[in-house]
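A.B. asks: Sequence plus predicted model, see below.
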Amino acid sequence: MEPDMKLKYGNEYQILDLPDEVPGIVLEGVQTEAIINPEEAVAEALRNPIGSAPLREIVQAGESVCLLVNDSTRLARSDLFLPVLIEELNRSGIDRNNIFIQFTNGTHRPMDQEEMISIVGQESAGLVDMYNHDSRDADQLVFLGYTSFDTPVFVNKRVMQADRRILTGSVVHHFFAGFGGGRKALVPGVAGWGTICQNHSLMFDQNARSGVLNGNPVHEDLVEGAMMAGGDFLLNTVLNADKNIIGIFAGDMLKGHNAACEMVEKINGYKLDKLADVVIASCGGYPKDINLYQAHKTLDNALAAMKPGGQLILLAQCRDGVGSALYEEWAGKYTDLNSLESALKANFVLGGHKAYKVAKLLQKGKVHLVSDFDPDTARHFGFVPAASLEQAVEDVYSGNHNLLTYIIPQGSIVVPHYTG
């Protein structure tokens with residue numbers, strides 16, 4: 001590794017300076033060049049899709065089309081591909097007045113107009129109507145039936161009233177759904193609160209983990225719900241750490257998504273034959289470390305590379321604190337993992353599920369947290385507070401420099417898989 005390595009922390013950096021004797025290895029994803037002309041590549045993907053007829057052969061003149069688009073918590077570069085997608089629909093006989101954007105808020109808060117424009121770009125915002133989704137508003141929802149997992153599928157009524165539904169988004173690893181993107185634009189993206197809670201309650205299954213689709217009940221339940229709603233076409237992107245598009249996948253809702261997942265695993269999955277004594281991981285800076293709720297992704301990935309009983313140094317600024325009132329409530333209410341798990345299984349609550357996941361991860365070893373939390377707050381959530389990366393390094397290596405160490409600069413993206 002390079003000396004005095006810079007690791008992102010919020011919008012700034014902290015310097016990693018390890019003792020010379022420490023055996024350090026940097027874990028990074030495969031470096032992939034950005035697509036030079038993404039707009040042209042999107043047009044090509046729409047006309048030569050995966051497992052599907054071209055988009056212009058699917059839609060019919062006069063039909064209404066719903067474009068399902070990520071909200072502010074998921075970057076997909078919608079600003080680049082939406083103008084191309086809308087133009088292709090126009091050329092296929094779909095008037096722009098018959099096209100609308102439905103944001104896939106899931107359980108997240110609604111966005112204001114400025115946020116919407118920042119996501120889709122000024123050009124697209126000026127062409128079509130845009131709507132938030134509210135998973136708690138029963139008047140917005142229509143019931144479609146039950147999945148084989150007994151999940152009641154409620155989906156946004158406006159989405160279901162459209163003649164065609166086009167799923168867009170980006171694909172990354174997901175800590176219990178296997179991968180994001182694809183079917184998630186419909187469920188949980190525009191699903192009801194009860195639908196989302198029931199689906200997420202399947203996360204206790206041992207196959208509900210990052211990078212796993214086959215046999216993962218969360219994923220399979222999502223697919224069943226999305227199939228009930230009906231996705232006519234998919235356009236998913238894969239981004240690099242610089243937020244540039246490196247992959248575009250269009251076509252069948254399932255086949256296109258599977259192809260994107262294969263690329264994500266290839267570039268960001270990291271096979272290990274040995275676990276480390278120490279892992280040092282940055283979330284990758286803002287907004288990936290905006291709060292503890294988001295930083296959990298890096299915690300999950302980094303601990304997958306660490307020996308049981310090892311030590312992790314986690315850089316997560318958490319400028320906005322915890323990020324979930326329910327997370328705070330559940331983390332404060334239950335002082336041991338067993339009681340937290342029992343309570344969650346009896347009454348599954350979004351936010352509580354994150355408190356459980358973090359508490360379970362912290363059983364694996366000691367986690368030194370470099371953050372903006374005051375020391376007492378960090379301890380309250382189960383972490384060892386560190387005032388700086390320098391202090392954490394001093395604490396971890398005091399008296400022993402012969403500790404196999406993995407450094408993960410982009411901890412929210414790189415996903416280690418132990419094969420030993």
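C.D. replies: Perfect, thanks for sending it.

A.B. asks: Helix, strand or coil: sort out Gly189 for me.
C.D. replies: Three-state assignment for Gly189 (DSSP: H, G, I helix; E, B strand; the rest coil): coil.

A.B. asks: can you pull the contacts of it?
C.D. replies: For Gly189, the contact set (Cβ atoms under 8 Å, 6 or more residues apart in numbering) comprises Leu68, Thr104, Asn105, Gly106, His133, Gly169. Using the backbone N, CA and C atoms, a C-beta is placed for each residue, glycine as well.

A.B. asks: Ser388 contacts Gln14, doesn't it?
C.D. replies: Yes - with contact defined as Cβ atoms under 8 Å, Ser388 counts as touching Gln14 (6.6 Å).

A.B. asks: Can you work out which residues contact both of these two?
C.D. replies: Common neighbours of Ser388 and Gln14, counting by Cβ under 8 Å, 6+ apart, are Val370.

A.B. asks: ok, the two, which is more surrounded?
C.D. replies: Neighbour totals were compared for Ser388 and Gln14, and Gln14 leads with 19 against 13 (other Cβ atoms under 10 Å).

A.B. asks: the longest strand in the protein is where?
C.D. replies: strand 306-315 (DSSP state E).

A.B. asks: Remind me what it packs against, helices and strands.
C.D. replies: Strand 306-315 is packed against strand 5-9, strand 276-282, helix 292-303, strand 366-370, helix 389-397, with contacts defined by 3 or more Cβ pairs under 8 Å, 6 or more residues apart in numbering; DSSP states H and E.

A.B. asks: relative to strand 276-282, how tilted is that strand?
C.D. replies: 30 degrees (axes from the mean of the first three to the mean of the last three Cα atoms, to 10 degrees).

A.B. asks: Need the contact partners of strand 306-315.
C.D. replies: Counting by Cβ under 8 Å, 6+ apart, 7-9, 14, 275-283, 289, 295, 298-299, 302-303, 364-371, 383, 386, 389, 392-393, 396, 406, 411 sit against strand 306-315.

A.B. asks: Repeat that for stretch 377-387.
C.D. replies: Residues from elsewhere that reach stretch 377-387 (Cβ under 8 Å, 6+ apart): 292, 313-314, 322, 331-332, 358-359, 362, 366-371, 373-375, 392, 395.

A.B. asks: Any stretches of the stretch 1-150 of the chain with poor pLDDT?
C.D. replies: 1-3 (pLDDT under 70).

A.B. asks: Tell me which stretches of it form strands.
C.D. replies: Applying DSSP state E, counting those that start in this stretch to the stretch 1-150 of the chain gives strands spanning 5-9, 12-16, 24-26, 65-69, 99-103, 129-131, 141-146.

A.B. asks: quick revisit: among the contacts of Gly189, which two are most distant?
C.D. replies: His133 and Gly169 (13.7 Å; Cβ to Cβ).

A.B. asks: quick one: common contacting residues for those two?
C.D. replies: Thr104, Gly189.

A.B. asks: export the helix or strand Ala378 falls within as PDB, just CAs?
C.D. replies: Here Ala378 is covered by helix 375-380, with elements defined by DSSP states H and E. Below are the C-alpha coordinates for helix 375-380, written out as PDB (Å, rounded to 0.1, in the frame of the first residue of the first chain):
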ATOM      1  CA  PRO A 375     -17.700   9.500  22.800                       C
ATOM      2  CA  ASP A 376     -20.700   8.700  25.000                       C
ATOM      3  CA  THR A 377     -23.100   8.400  22.000                       C
ATOM      4  CA  ALA A 378     -20.600   6.100  20.100                       C
ATOM      5  CA  ARG A 379     -20.300   3.900  23.200                       C
ATOM      6  CA  HIS A 380     -24.100   3.900  23.600                       C
END
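
A.B. asks: distance between it and the chain's centre?
C.D. replies: 26 Å (Cα atoms, centre = their mean, to the nearest Å).

A.B. asks: Which SSE is immediately downstream of it?
C.D. replies: Next in sequence after helix 375-380, counting helices and strands by DSSP H and E, comes strand 384-386.

A.B. asks: Name every strand pairing with that following strand and say which way it goes.
C.D. replies: Applying DSSP bridges, strand 384-386 is found paired with strand 366-370 (parallel).

A.B. asks: Could you figure out how far the partner strand is turned away from strand 12-16?
C.D. replies: 130 degrees.

A.B. asks: who touches strand 366-370?
C.D. replies: Around strand 366-370, the neighbours that count as contacts under Cβ under 8 Å, 6+ apart are 9, 14, 299, 303, 310-316, 378, 382-389, 392, 395-396.

A.B. asks: Look up the closest residue to Gln306, ignoring the ones flanking it.
C.D. replies: Rather than Gln, residue 306 is Met. Using Cβ to Cβ, 6 or more residues apart in numbering and skipping residues adjacent in sequence, the residue nearest Met306 is Val279, 4.6 Å away.

A.B. asks: that older thread, please pick the buried ones from the contacts of strand 366-370.
C.D. replies: 9, 14, 299, 303, 310-316, 378, 382-386, 389, 392, 396 (16 or more other Cβ atoms under 10 Å).

A.B. asks: Okay, now stretch 156-172: how far is its last residue from its first?
C.D. replies: End-to-end distance for stretch 156-172, by Cα to Cα, to the nearest Å: 24 Å.

A.B. asks: Residues in a beta bridge with the nearest residue to Ala45 once chain neighbours are set aside, which ones?
C.D. replies: Residue nearest to Ala45 in three dimensions, not counting chain neighbours: Ala250, with 3.9 Å by Cβ to Cβ, 6+ apart. Ala250 forms beta bridges with Leu235, as assigned by DSSP bridges.

A.B. asks: so Ala250 touches Leu46, yeah?
C.D. replies: Yes - proximity of Ala250 to Leu46 meets the contact threshold set by Cβ under 8 Å, at 5.4 Å.

A.B. asks: The two: which has the busier surroundings?
C.D. replies: For Ala250 versus Leu46, neighbours defined as other Cβ under 10 Å are more numerous around Ala250 (29 against 24).

A.B. asks: give the contact list for the more buried one.
C.D. replies: Val42, Ala45, Leu46, Pro49, Ile50, Ser52, Leu55, Phe233, Leu234, Leu235, Asn236, Gly256.

A.B. asks: Between these, which sits nearest Gly211?
C.D. replies: Among these, and counting by Cβ to Cβ, the member closest to Gly211 is Asn236, at 16.5 Å.

A.B. asks: Thr151: which of the contacts of Gly189 is nearest?
C.D. replies: Of the contacts of Gly189, the one sitting nearest to Thr151 (Cβ to Cβ) turns out to be Gly106, at 14.7 Å.
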